[in-house]
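K.L.:
Model the structure of this input:
(one chain, ligands or ions: 3)
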Amino acid sequence: MLPIEEIAQKIGIENLIHYGNYKAKIPLEEIWKKERRGKVILVTAINPTPFGEGKTTTAIGTSMAFWHLGKKSIVTLREPSLGPVFGIKGGGTGGGKSTVEPSSDINLHFTGDFHAIQVAHNLLASVINNAIYHNLEPCLDRKKIRWGHVLDLNARELRKIVIGLGDNGGAIAEDYFEITSASEISAIIAIAKDYEDLKERLSNILVGFRTDKTAVFARDFKVVGAMAAVLRDALLPNLVQTSEGTPAVIHAGPFANIAHGHNSILADEIGMRYSDYLVTEAGFGSDLGAEKFVNIVSRLGNFDISGAVLVATVRALKYHGGVKKKHLAEENVEALEKGAENLQRHIEIVRKLGFEPVVAINHFPDDTERELSKLQELVEDMNVKFAVSEVFAKGGEGGVELAKYLQDIEPRKPRFVYKIDEPVREKVEAIATEIYGADGVDWDHKAKKDLKLISNLGFDDFFVCMAKTQYSLSDNPKLLGAPENFVVTVRSLKISSGAKFVVPLLGDISTMPGLPSKPAAESIDLTKDGQIVGLR
Ligand SMILES: Nc1ncnc2c1ncn2[C@@H]1O[C@H](COP(=O)(O)OP(=O)(O)O)[C@@H](O)[C@H]1O
Ligand SMILES: O=COP(=O)(O)O
Ligand SMILES: [Mg+2]
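P.N.:
Residues are numbered from 1 along each chain as shown. Ligands and ions are numbered 1, 2, ... in the order given. Prediction:
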């Protein structure tokens, strides 16, 4: 690795807040010193297998490839959450010869941003419960509290809990934990422009209602200052490097299935102002990350997008063709051909969002020659540009063909799926029908009540941040491939009035994931000389 100041010098960043030799935070005033000039390249994908199909890896490799072409590029990514790190997917720092470093630090505590978000979130929860204990104003109706706790782990046992069993003045009550990436504060850190905006958004967080049904916000508890104080450094983007010594800015961590799925806009500003090509990832498939990147992030950040890379893999398309996870390494051209219908749908989604995708076939070692040539044949018939990406095996050199397709694409205005002043119900129905291909939306009783509440509170002009399974275009994780003749069901809607999002919860999506029977944590260790091993 190069010393982090050498990475900063490559792109002209002059001031850093060092976190050791290889990590640094970028002061807010540094961000605005340059004008925007970089083209925005979005990396999205088809619906993935539980292992992930290589968007992070491809984003890193493509950014490095631009340097091979003599262009300056910055890759922006989200901070990995310990949920997947210890859970199914493992780390979020790419793989093979296309990684961001120091990967062990980045995958674990990094610069402490998630811990800060966790503390700020739980501080507010403790103050809410304390007001009830001391019978202080604002005293919330316990059954109408809409602010739980967060923890950066996959802990299904905390999805629904009872609190107050100890010395708590008898206020025993139901409560819950979400994973930190699902916290509204995680979304706020990803969209706030400066400390004033941060505090304004924190103060507008809706925490619940009094018994007289009046709404109560975080500002009513007088701890917004303390929350902002503990978040002071978490708002600053983190500068690190790729495995080829090119700049990477990693900041904020909302997942794309339970939140908006993109790194901070501040990180993107650095990518646009300090390089020719910002390569950035939106989580999971285009139905989730790319939809929200266009309809929420690019609208909030007010920027155009040039290119869209659509990552596809043989293994995920076989999965969509009906192959079980444990058989994905076995050749199966027939299943690949059937599952390719999922790729066709994502090409259409990216076009609906206003862009012409370039398909990146992310080549895995298990792909056979027959499968690879079949997939190239199928993609050719889909009338879309594509390149076989070898960035995992070869680093930036393996992404040059892809980068050459992207370098001359001109910025375009995204096509928003909904107008911001439409009612929430219509926004949700537009996304479900136009992006997912659903015939319509079913609204559970609780969801209908939430819609009414949103209108009564005057929040109909909020962004819609859909929460649903990442495995299917529908809200049923078993409905793979290119499902048709289905409706999606909205169970309820979270109101994030600080971020100005409403979060419709579809199907049985949970904002607190669980661990698999064999957690990735089992392969992690610390050697006697202090080396962390086994993080993948
Ligand atoms: N071409 C490849 N060959 C082998 N493993 C890969 C390849 N691309 C990605 N991976 C691995 O697959 C997992 C998911 O990759 P990642 O880039 O995180 O995907 P995503 O961002 O789409 O979830 C990581 O462990 C990564 O190292
Ligand atoms: O939020 C999900 O991100 P990945 O698609 O990178 O796992
Ligand atoms: Mg990723």
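K.L.:
Who are the contact partners of residue 6?
P.N.:
By CB atoms under 8 Å, 6 or more residues apart in numbering, residue 6 lies in contact with residue 245. Using the backbone N, CA and C atoms, a C-beta is placed for each residue, glycine as well.
K.L.:
So what does residue 359 have for phi and psi?
P.N.:
phi -80, psi 130 (degrees, to the nearest 10).
K.L.:
Ignore what I typed, I meant residue 491.
P.N.:
According to degrees, to the nearest 10, residue 491 has phi -80, psi -50.
K.L.:
I'd say it and residue 506 touch.
P.N.:
Yes. Contact between residue 491 and residue 506 holds when scored by CB atoms under 8 Å: they sit 7.1 Å apart.
K.L.:
higher neighbour count, the two?
P.N.:
Applying other CB atoms under 10 Å to residue 491 and residue 506 shows that residue 506 carries more neighbours, namely 26 against 19.
K.L.:
Give me the distance between the more buried one and residue 488.
P.N.:
As judged by CB to CB, to the nearest Å, residue 506 and residue 488 stand 5 Å apart.
K.L.:
any common contacting residues for the two?
P.N.:
In contact with both residue 506 and residue 488: 468, 475, using CB under 8 Å, 6+ apart.
K.L.:
Give me the pLDDT for the residue nearest to residue 533 when sequence neighbours are not counted.
P.N.:
Spatial nearest neighbour of residue 533, excluding adjacent residues (CB to CB, 6 or more residues apart in numbering): residue 525 at 5.2 Å. Looking at residue 525, its pLDDT stands at 97.
K.L.:
cool, and the one 10 residues further on?
P.N.:
Residue 535 is assigned a predicted lDDT (pLDDT) of 92.
K.L.:
quick one: the helix or strand harbouring residue 42 to chain centroid distance?
P.N.:
Using DSSP states H and E, residue 42 falls within strand 39-45. Computed by CA atoms, centre = their mean, to the nearest Å, the chain-centroid distance of strand 39-45 equals 13 Å.
K.L.:
got the CA positions of that strand in PDB?
P.N.:
Extracted C-alpha coordinates of strand 39-45, given in PDB (Å, rounded to 0.1, in the frame of the first residue of the first chain):
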ATOM      1  CA  LYS A  39     -18.500  11.600 -15.500                       C
ATOM      2  CA  VAL A  40     -20.700   9.300 -13.200                       C
ATOM      3  CA  ILE A  41     -20.500   5.600 -14.000                       C
ATOM      4  CA  LEU A  42     -23.100   3.500 -12.000                       C
ATOM      5  CA  VAL A  43     -22.400  -0.200 -11.300                       C
ATOM      6  CA  THR A  44     -25.500  -2.200 -10.800                       C
ATOM      7  CA  ALA A  45     -26.400  -5.900 -11.300                       C
END
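K.L.:
List the strands paired with it, with their directions.
P.N.:
When pairing is defined by DSSP bridges, strand 39-45 lines up against strand 277-281 (parallel), strand 307-312 (parallel).
K.L.:
For the protein, what lies in contact range of ligand 3?
P.N.:
Contact residues (CB under 5 Å from the ion) of the chain with ligand 3: 55-56.
K.L.:
Spell out which residues make up each domain of the chain.
P.N.:
34-78+254-406, 113-230, 424-506 (automatic domain parsing).
K.L.:
average pLDDT across the second one?
P.N.:
So that's domain 113-230. Rounded mean pLDDT across domain 113-230 is 94.
K.L.:
low-scoring stretches of the stretch 351-500 of the chain, by residue?
P.N.:
Of all residues in the stretch 351-500 of the chain, none has pLDDT under 70.
K.L.:
Can you show me the strands along it?
P.N.:
357-362, 385-389, 440-443, 463-464, 487-496 (DSSP state E, counting those that start in this stretch).
K.L.:
circling back: return the residues in contact with the residue nearest to residue 533.
P.N.:
Taking CB under 8 Å, 6+ apart, we find residue 525 in contact with 532-534.
K.L.:
so where does residue 350 fall, helix or strand?
P.N.:
helix 333-352.
K.L.:
Retrieve the pLDDT associated with the closest residue to ligand 1 within the stretch 151-300 of the chain.
P.N.:
Nearest residue of the stretch 151-300 of the chain to ligand 1: residue 281, at 6.3 Å (CB to the nearest ligand atom). At residue 281, the model reports a pLDDT of 98.
K.L.:
number of nearby residues for it?
P.N.:
30.
K.L.:
Now do the contacts for it.
P.N.:
42-44, 55-56, 59, 76-78, 262-263, 289.
K.L.:
at 7 Å what do you get?
P.N.:
43, 55-56, 59, 77 (CB atoms under 7 Å, 6 or more residues apart in numbering).
K.L.:
how close does it sit to ligand 2?
P.N.:
Shown here: residue 281 relative to ligand 2, a distance of 6 Å by CB to the nearest ligand atom, to the nearest Å.
K.L.:
Against residue 253, how distant is that residue?
P.N.:
Counting by CB to CB, the gap from residue 281 to residue 253 is 12 Å.
K.L.:
can you check residue 294 too?
P.N.:
20 Å.
K.L.:
out of the two, which sits in the more crowded spot?
P.N.:
residue 253 (30 against 26).
K.L.:
Now for the more buried one: which residues touch it?
P.N.:
Counting by CB under 7 Å, 6+ apart, residue 253 has contacts 78-79, 81, 114, 181, 186.
K.L.:
Can I get those residues in TSV including neighbour count, secondary structure and distance to ligand 2?
P.N.:
Supplementary listing: the contacts of residue 253 in TSV, determined by neighbours: other CB atoms under 10 Å; DSSP: H, G, I helix; E, B strand; the rest coil; distance: CB to the nearest ligand atom, whole Å:
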residue	neighbour count	secondary structure	distance to ligand 2
78	28	coil	7
79	25	coil	11
81	25	coil	9
114	27	helix	14
181	30	helix	8
186	31	helix	12
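K.L.:
Confirm for me that residue 494 is in contact with residue 506.
P.N.:
No. Taking contacts as CB atoms under 7 Å, residue 494 lies outside contact range of residue 506: 11.9 Å.
K.L.:
How about the residues of this structure by ligand 1?
P.N.:
45, 48, 51-57, 90, 92, 94-96, 362-365, 392, 536 (CB under 6 Å from any ligand atom).
K.L.:
any chance you could map the helices in the stretch 301-450 of the chain?
P.N.:
For the stretch 301-450 of the chain, helices defined by DSSP state H, counting those that start in this stretch occupy the ranges 314-320, 333-352, 369-380, 391-394, 400-406, 424-430, 445-456.
K.L.:
try the stretch 101-250 of the chain
P.N.:
Using DSSP H, counting those that start in this stretch, helices in the stretch 101-250 of the chain cover 103-107, 113-133, 184-191, 195-203, 224-230.
K.L.:
Of the ones you listed, which stretch is the most buried?
P.N.:
helix 184-191 (a mean of 28; mean count of other CB atoms under 10 Å).
K.L.:
tell me what it is packed against?
P.N.:
Judged by 3 or more CB pairs under 7 Å, 6 or more residues apart in numbering; DSSP states H and E, helix 184-191 is in contact with helix 113-133, helix 195-203.
K.L.:
what angle do the shortest one and helix 184-191 make?
P.N.:
So that's helix 195-203. Interaxial angle, helix 195-203 versus helix 184-191 (axes from the mean of the first three to the mean of the last three CA atoms, to 10 degrees): 160 degrees.
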